[in-house]
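>>> sequence unknown, structure follows:
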Ligand code: CA
């Protein structure tokens, strides 16, 4: 899952980035409205966390432009305590949720999960053979026991599961797993896939390698 944070306060942006990365999301940071607008036009995201008080281009303008491109990207607005009029305007312009600063990180993460789940438009769990993946709690289980997966492995599994039966290239995996300035080589992707594949073996779930092209999680009926 890839998230864009549009926030001019570096301390807030840094805290958000760290905590979202820890839960396996790829995170990009845009410190002003212009950069956010450019990023939204050029890269694919699963969620936008948008501060309304942004330099160069206001958060409301960023949102207006996004929706005028017919994007249905989920947007979570961050506003200052006294910004209730802006908050209402933001919701009118098509924001999905908002939080008032200062906010609790755990609550923000819960809302991020809720918004991205809603945007998937599916049930919170995905099944593949004996594997059951809970998209809300981000937990993978086989036969009722939880698999011990790293944040990277969870991120990788999510991408493969949501594209089950389809080819996913290494570049696509890099895109989904890394934000700007994060270097992940194709070799590293191979290592993550190798580890994840080992852990999924007990559930009979297979990640096929399509030589020179990428990977495919083989579709299986739920057990
Ligand atoms: Ca601000």
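Nice, I can see it. Not measured: the values here are computed from a predicted model.

>>> Just the element for the residue in the chain positioned nearest to the ion, please.
Of the chain, the residue with the smallest distance to the ion, taken as C-beta to the ion, is residue 53 at 3.6 Å. From N, CA and C alone the C-beta is placed, and that goes for glycine too. For residue 53, there is no host helix or strand (DSSP states H and E).

>>> and it, what is it in contact with?
By C-beta atoms under 8 Å, 6 or more residues apart in numbering, the contact set of residue 53 is 8, 59, 79, 80, 83.

>>> Quick check, the second one in contact with residue 33.
Yes: assessed by C-beta atoms under 8 Å, residue 59 is found in contact with residue 33 at 6.6 Å.

>>> Residue 38 should be in a strand, yeah?
No: counting by DSSP: H, G, I helix; E, B strand; the rest coil, residue 38 is not found in a strand; it is helix.

>>> In the chain, where is pLDDT below threshold?
81-83, 118-123, 180-181, 223 (pLDDT under 70).

>>> Quick check: of the contacts of residue 53, which has the highest neighbour count?
The most crowded member of the contacts of residue 53, judged by other C-beta atoms under 10 Å, is residue 59 (28 neighbours).

>>> Contact residues of this protein facing the ion?
Residues of the chain found near the ion (C-beta under 5 Å from the ion) are 8, 51, 53.

>>> just to revisit the earlier point, which ones among the contacts of residue 53 are found in helices?
Using DSSP state H, residue 59 are the members of the contacts of residue 53 that sit in helices.

>>> List just the nearest of the contacts of residue 53 to residue 164.
Set against residue 164, the nearest of these by C-beta to C-beta is residue 59 (35.7 Å).

>>> which ones are touching the nearest residue to that closest one once chain neighbours are set aside?
Nearest non-adjacent residue to residue 59, counting by C-beta to C-beta, 6 or more residues apart in numbering: residue 52, 3.7 Å away. Going by C-beta under 8 Å, 6+ apart, residue 52 touches 58, 59, 60, 77, 78, 79, 80, 83, 86, 87, 90.

>>> For residue 52, give me phi and psi.
The phi/psi pair for residue 52 (degrees, to the nearest 10) reads phi -80, psi -40.

>>> do residue 5 as well
phi -110, psi 120.

>>> Beta-bridge partners for it, please?
Beta-bridge partners recorded for residue 5 (DSSP bridges): residue 29, residue 49.
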